[in-house]
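> With the input below, show me the fold.
(chains A and B)
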There are 2 protein chains.
Amino acid sequence: MYNLLNTINGPQDIKKLDIDQLKTLADETRQALINKISNAGGHSGPNLGIVETTVALHYVFESPKDKMVFDVSHQCYPHKILTGRKEAYIDPEHFSDVTGFTNPLESEHDLFTVGHTSTSVSLALGLAKARDLKKTDENIIAIIGDGSLSGGEALEALDYAGEYDKNLIIIVNDNDQSIAENHGGIYKSLKDLRDSNGTSDNNVFRTFGLDYRYLEDGNDTAKLVDALNGVKNIDHPVVLHIHTIKGKGLDYAEKNREAWHAGGPFNVEDGSPKFSGGSEDTTIFDSLKELLDTNDKAIVLNAGTPMGLGFTKDIREEYVARGQFADVGIAEENAVAMISGIAKNGGTAVFGTFAPFLQRTYDQVSHDLALNNSPATMLVLLPGVYGMNSNTHIALCDIQMFAHIPNLVYFAPTSREEYEQMFKYATTQRNHPTGIRALPAFPSTGVKDDTDYSVLKNKVERKGSEVAIFAVGPMLSKALETAENIEKETGKKITVVNPRFVSGLDEELLTELMADHKAVITIEDGELMGGYGQTIASFYGDKSMIVKNHGISRKFHTDFDPEQLLAEHGMSVEKLTAEVKELLA
Amino acid sequence: MYNLLNTINGPQDIKKLDIDQLKTLADETRQALINKISNAGGHSGPNLGIVETTVALHYVFESPKDKMVFDVSHQCYPHKILTGRKEAYIDPEHFSDVTGFTNPLESEHDLFTVGHTSTSVSLALGLAKARDLKKTDENIIAIIGDGSLSGGEALEALDYAGEYDKNLIIIVNDNDQSIAENHGGIYKSLKDLRDSNGTSDNNVFRTFGLDYRYLEDGNDTAKLVDALNGVKNIDHPVVLHIHTIKGKGLDYAEKNREAWHAGGPFNVEDGSPKFSGGSEDTTIFDSLKELLDTNDKAIVLNAGTPMGLGFTKDIREEYVARGQFADVGIAEENAVAMISGIAKNGGTAVFGTFAPFLQRTYDQVSHDLALNNSPATMLVLLPGVYGMNSNTHIALCDIQMFAHIPNLVYFAPTSREEYEQMFKYATTQRNHPTGIRALPAFPSTGVKDDTDYSVLKNKVERKGSEVAIFAVGPMLSKALETAENIEKETGKKITVVNPRFVSGLDEELLTELMADHKAVITIEDGELMGGYGQTIASFYGDKSMIVKNHGISRKFHTDFDPEQLLAEHGMSVEKLTAEVKELLA
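Model (predicted):
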């Protein structure tokens, strides 16, 4: 099955092959890829489309001397298979030997650890500048998908590449699809170029000052080898625009490109999922739908990840037609500035995307939104340890990033009902911008929350004495369980506080607690340093209150189990119970 | 002198004029502008160039119903003169009535408070989306300079505008100059368009999917009126590209566009400065020059503000020729990713720009640089209260932004000698990325610093007992003076600590202090919440040490005197002395 692939332990083995063998190698590489993704899940579509390109790249170029940067690395699996890591795709026992992203710890053929889009051209420009300083002559190659082109960092880099004057090869892997469909005017240029075999005058790359080549048959290994040989050792920046088929080799994936961008294990015969998905929490989508259906001046924006908000294709088409939903493409900066403008002109605007990608918008949140005090709402999806757990996608610093920005109110709901009331408050008031931490799943209290969130007040979930636990967002259940354990074991009632607001302190409550409490414990689902708990330690700094802050250490944690990571940082019910007991003793 | 201008109290008065009167109004507006900038300083070049456009805009459109967004607002002075604020330009007693940026608190004709570049098209798109939801029909106009086009946020917005399908007018005010010269491939397109009277096929705006018009005579009021009438009420997005003269009306400013971007008061006859500039601190430039002259693999990047690093035109041309200096244009995201790439490929890379603009790079610093642990260096210019003091340009949260990012070492030097040693360490080690807070001026200790900065250790500047003051960066002198006062007044010696590192704690020292200290005071030149001091409060939370944290409140402070703002937050020598005395009592 893998007769040829079994002989390939790195690029040096690929160079010995003839063109027919390269095609066979591509087929076997695709089989290995399908073996892994059908059994373990992963990014299907982008990797299936780039198999032939990767074979050709390693045939033509001399990695690691020549340096390849895979944008976002959603298309690096064939590269891993061909650079000594094939067992991780062939043998289930080795599936977990490699990550889903390029990783210098795995191979000298991987330059960077990346998981955010639109970075490859900038990183490659940096490699190229260093090469020039060293006076060496390697090729520098960025491989970027069409979807990633709309990100500001990529556009800045393409612009700068347009005045750079030495070797830089930018391979635009155009499968006519972002995660969902593409958005933005440059995609008309890409379409014109595909439709004209690269000859259209409507060429966005040339207007950025870049040389340009086109290859229609982006899954034809022989033609790819020719095209890559044509740009190898070129003495200036060039875009090689190749048209590939997303999901190539699996007809259901080729047909339904959005669904097959990434996913879980599936049956190869028909693409049916191997495991039925659990019932998804629809809290976020429900709140957005209700807003749009009851307020015709309301609009929801997203940036290339509509499914994160629950807006499937059918549903978003309906709201796009009503002018109430817009996907701005992978362009988070633009989305944040837009909601500021919408709010300023009387609309009700919500932008939601995944917490790690909101890192791109720090300046827009601070300067465009908060400085202007525009009453728009940001949904911060999957923040903290219960979010994504790859170091490329962790978001353990969302509180550090947003809580200190003036004017912005940042909420940490603990339940579906709290989220609903906070969202309602955020989208009906006109006084300030709001961020809401949107957990992957919200437990329900079963009781409608009717809190007035215009007033910064923490909620005392359990009133006791001696010790109080402040528990941010999803940490509340641990605090409540700890309190129950303590009551069972010692008969004593301790206090549990749900801060709800992480952008400021309820100083009245903090002062009250001093009357009959001697210690406060804080627990949060993100980094300790600069987090919520330390603001409480500061408040009590010159008062006779013991404060014990718990949060995650300052590190790019990866591939962790959330409960284990929390426990390692003192945040398991067991450890908290012991800690409280010691304080009570 | 201002015969016509004196009759203009708002756009309604402009609409009554004929074309000849509009030209006179433009001339008088320019005179008022020169009156203010020659006596009070400000952004000269961009405002001088946009006078006629602004007169024409207010003649053709119906502000505030029609909405104008001035990018970065370096070109909003004529707009202010024409919208009821002329006294602030004519009468020295009223000069300080208005800020240098658009400001909704001043006028209904100002939509946003802005001071960062590249935001106008996004903000305008937001206004337009809200208009569509409200089903009203106002024109939405973004006015953006050529220099701002290279920023990621602007490029993202132009791309999205290319698929938007309703009224949006983007006026590209092309004076062929950023702050310094422009950088990037799109500027070849702009040049081709200028050279061809807008007819070149090399049209970056069209490849973004945008309709396009060109006006060569961007300082001809009559032609501007025609051009603006031609796009008024248009039913889709359009770029009106106008060629203006930066510095128009002052021949020395027209000739030396970089020097006349902005500056202090000058003599109108010859442009000579009214006040001789004080001797500038050259610490930063000296360190960069030494690096480049002694390490031929080293390179310095900047993003559109080379003067911030002391690289005047002559000097930078020399280093550009050597391949050791590059201005990437206003494109900070690209710059940070590039230094990561340079470092990864063996080069020594430094990127420096002003602290508020580094806000744009949070994701690149975290994901592209720190996650990859690339040993590159960032110079954070003018951080904290001693930086710029407009709410559009404050940088009171640089510690919040950077200190918690894993792998990044963030230094707060207090003297020239410390800075020099930290910079030397940062640019010779290969273990981690480094940020250095670069103060507007560094005091000299007169003693070479030979500290080994590979080890996180705070410096005990004065050893005493009972009370210790931890003073971040420029706050050190206040702490030392306080300690001297205390010794004089009470005979007691207190401890003063210079943390040097703000990205982590010297726990050994903190533990030692517990032996003979009962209180720690922290002072820092930025926001209190999430800052350095709170990490110390957290460390001592469960120990018997009083901690008093001082920092600036969570607010967009503006137009402040640094010493006064610090004093209001407990950080004057007088207040600190009183606080220490109370603790000692």
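
> which ones are touching A:Ser366?
Listed by Cβ atoms under 8 Å, 6 or more residues apart in numbering or on different chains, the contact partners of A:Ser366 are A:Ile405, B:Gln359, B:Cys397. For every residue, glycine as well, the C-beta is placed using N, CA and C.

> tell me the domain ranges of chain A?
As given by automatic domain parsing, the domain ranges for chain A are A:5-255, A:283-438, A:459-584.

> Now distance to B:Thr577 and mean pLDDT too, for those domains, in CSV please.
Converted to CSV, the domains of chain A look like this (distance: least, Cβ to Cβ, whole Å; pLDDT from 0 to 100):
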stretch, distance to B:Thr577, mean pLDDT
domain A:5-255, 49, 97
domain A:283-438, 29, 97
domain A:459-584, 17, 98
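
> any chance of these in TSV, with distance to B:Ile34 too?
Shown next, in TSV, are the domains of chain A (distance: least, Cβ to Cβ, whole Å):
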stretch	distance to B:Ile34
domain A:5-255	34
domain A:283-438	30
domain A:459-584	45
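
> Check which residues of the strand ranked longest in chain A are buried.
When chain A is parsed with DSSP state E, its longest strand is strand A:517-527. Along strand A:517-527, these residues count as buried under the neighbour rule (16 or more other Cβ atoms under 10 Å in any protein chain shown): A:His517, A:Ala519, A:Val520, A:Ile521, A:Thr522, A:Ile523, A:Glu524, A:Asp525, A:Gly526, A:Glu527.

> Name the nearest of the residues you listed relative to chain B.
Chain B has its nearest neighbour among those in A:Glu527, at 5.6 Å by Cβ to the nearest Cβ.

> need the contact list for the closest residue to A:Asn9 other than its chain neighbours.
Distances taken as Cβ to Cβ, 6 or more residues apart in numbering or on different chains put A:Gly84 closest to A:Asn9, at 5.5 Å, once the chain neighbours are dropped. Residues near A:Gly84 by Cβ under 8 Å, 6+ apart: A:Asn9, A:Gly10, A:Ser107, A:His109.

> How is A:Gly84 assigned, secondary-structure-wise?
coil (DSSP: H, G, I helix; E, B strand; the rest coil).

> Likewise for A:Ala468?
For A:Ala468, the assignment made with three-state DSSP gives strand.

> got a list of what it touches?
A:Ile494, A:Thr495, A:Val496, A:Val497, A:Leu513, A:His517, A:Ala519, A:Val520, A:Ile521.

> Do you have the strands of the stretch 151-300 of chain A handy? List them.
A:168-174, A:211-215, A:237-243, A:298-302 (DSSP state E, counting those that start in this stretch).

> Can you tell me what sits against the helix or strand A:Ala32 falls within?
Element membership of A:Ala32 [criterion: DSSP states H and E] is helix A:19-40. Helix A:19-40 has contacts (Cβ under 8 Å, 6+ apart) with A:1-5, A:8, A:14, A:17, A:42-44, A:47-48, A:51-52, A:54-56, A:59, A:77-78, A:81-82, A:86, A:88-90, A:92, A:95, A:221-222, A:225, A:248-250, A:265-268, A:274.

> Apart from its chain neighbours, what residue comes closest to the residue of the stretch 1-150 of chain A found nearest chain B?
Among the residues of the stretch 1-150 of chain A, A:Gly126 lies closest to chain B, at 1.9 Å counting by Cβ to the nearest Cβ. Using Cβ to Cβ, 6+ apart and skipping residues adjacent in sequence, the residue nearest A:Gly126 is B:Gly341, 1.9 Å away.

> For A:Trp260, give me phi and psi.
For A:Trp260, the backbone dihedrals (degrees, to the nearest 10) come out as phi -100, psi 20.

> residues touching it, list them.
A:Ser44, A:Gly45, A:Lys246, A:Gly247, A:Leu250, A:Tyr252, A:Ala253, A:Gly271.

> So the closest residue to it other than its chain neighbours versus A:Gly49, what's the distance?
Distances taken as Cβ to Cβ, 6+ apart place A:Ala253 nearest to A:Trp260, at 3.8 Å, with adjacent residues excluded. A:Ala253 is 9 Å from A:Gly49, where distance means Cβ to Cβ, to the nearest Å.

> can you check A:Thr221 too?
13 Å.

> can you check A:Ala412 too?
In this view, A:Ala412 and A:Gly49 are 40 Å apart by Cβ to Cβ.

> the more surrounded of these two?
Higher neighbour count among A:Ala412 and A:Gly49: A:Ala412, with 33 against 29, using other Cβ atoms under 10 Å in any protein chain shown.

> who's in contact with the more buried one?
Per Cβ under 8 Å, 6+ apart, neighbours of A:Ala412: A:Ile399, A:Arg437, A:Val472, A:Gly473, A:Pro499, A:Arg500, A:Phe501, A:Val502, A:Tyr532.

> Redo those residues as CSV? Include neighbour count, distance to chain B and secondary structure.
Shown next, in CSV, are those (neighbours: other Cβ atoms under 10 Å in any protein chain shown; distance: Cβ to the nearest Cβ, whole Å; DSSP: H, G, I helix; E, B strand; the rest coil):
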residue, neighbour count, distance to chain B, secondary structure
A:Ile399, 32, 8, helix
A:Arg437, 30, 16, strand
A:Val472, 26, 14, coil
A:Gly473, 27, 17, helix
A:Pro499, 28, 14, coil
A:Arg500, 22, 17, coil
A:Phe501, 20, 12, strand
A:Val502, 24, 10, coil
A:Tyr532, 30, 9, helix
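
> For the residues you listed, which two are the farthest from each other?
Spatially, the most separated pair among the contacts of A:Ala412 is A:Ile399 and A:Arg500, at 13.2 Å (Cβ to Cβ).

> didn't A:Leu382 look like it was pressed against A:Gly473?
No - between A:Leu382 and A:Gly473 there is no contact under Cβ atoms under 8 Å: 11.8 Å.

> Can you tell me which residues in the stretch 151-300 of chain A are near chain B?
Residues of the stretch 151-300 of chain A lying close to chain B (Cβ under 8 Å from any Cβ of the partner chain) are A:151-153, A:155-163, A:183-189, A:201-204, A:206-210, A:296-299.

> oh sorry, the question was meant for the stretch 1-150 of chain A
A:67, A:69, A:104, A:111-116, A:119, A:122-134, A:150.

> try it again with 7 Å
A:111-113, A:116, A:119, A:122-127, A:129-134, A:150 (Cβ under 7 Å from any Cβ of the partner chain).

> Filter these down to the ones in helices?
A:Ser122, A:Leu123, A:Ala124, A:Leu125, A:Gly126, A:Leu127, A:Lys129, A:Ala130, A:Arg131, A:Asp132, A:Leu133, A:Lys134 (DSSP state H).

> got the contact list for the second one?
If a contact means Cβ atoms under 7 Å, 6 or more residues apart in numbering or on different chains, then A:Leu123 has A:Val69, A:Phe112, B:Ala337, B:Ser340, B:Gly341, B:Asp368 as its contacts.
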